[in-house]
Structures are given as C-alpha cells and as structure tokens.
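> quick one: sequence plus predicted model below, questions after.
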Amino acid sequence: MIEIGLRATKIRNPDNLVVVVPNNEIMQRDIINYTMSGEHIRLRIPFSCAYDSDIEKAELLLREAAAEVLGVQMDPEPIVLVRGFGPSEVNL
C-alpha cells in the first residue's frame, strides 16, 4: 500500500503499477494479500462435475492431480468437499 486518503487508497500491484481504488469499493469487499500470508497458503479451486458422475472417483482424481503439482503440500493433505449444487452440476 502506498497511501490511504480520504476518498481513495493507492495500492502498488505486483507489476509495480499504482492502482487508485475508491474507499467505498474497499469497504464493500474483502481484500486478500497473498504475499503477506507467509510461506504457506490454502487455495480453494472450484471444480464441477455432472450429476451422474462418480463423485468419489472425481475426488480421487483431484487429489492425484494436486499431488503432481509442484509446491502443493501433502501435510495436511489436500481435501475435496462438495460445496453445492448447480443446475446441472455438483460443485466441489
């Protein structure tokens, strides 16, 4: 962050550009700073599959895919959860 003013806040982004954000925008949403979170962070990656899919197999495949990604920690192990249901899909 560069400056917090009465009407706007100036933020330097990772590309070293200064972005001016009106303070009313900042008050309406969460701001997540991944670079200040430390060495390890958890990401939530949405994935959907059809209702007639084998959800247990989808979970297994997602865990296997995560294990192959460089930097993914296996302790604690990645988890897959059913987050909701869409018009034609199960959201994991």
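Nice, I can see it.

> what bridges to the nearest residue to residue 86 once chain neighbours are set aside?
Nearest residue to residue 86, sequence neighbours excluded (CB to CB, 6 or more residues apart in numbering): residue 48, at 6.5 Å. From N, CA and C alone the C-beta is placed, and that goes for glycine too. Assessed by DSSP bridges, residue 48 has beta-bridge partners residue 91.

> what's the burial count for residue 48?
15 (other CB atoms under 10 Å).

> so who does it touch?
86, 89, 90, 91, 92 (CB atoms under 8 Å, 6 or more residues apart in numbering).

> residue 78: which of the residues you listed is nearest?
residue 92 (11.6 Å; CB to CB).

> roughly how far apart are that closest one and residue 82?
6 Å (CB to CB, to the nearest Å).

> any residues in contact with both of the two?
Common neighbours of residue 92 and residue 82 (CB under 8 Å, 6+ apart) are residue 55.

> more neighbours: which of these two?
residue 92 (18 against 11).

> local confidence estimate at the more buried one?
At residue 92, the model reports a pLDDT of 95.

> pretty sure it is touching residue 58, no?
Yes: using CB atoms under 8 Å, residue 92 makes contact with residue 58 at a distance of 6.6 Å.

> picking that back up, what distance do you get for the residue nearest to residue 86 to residue 4?
39 Å.
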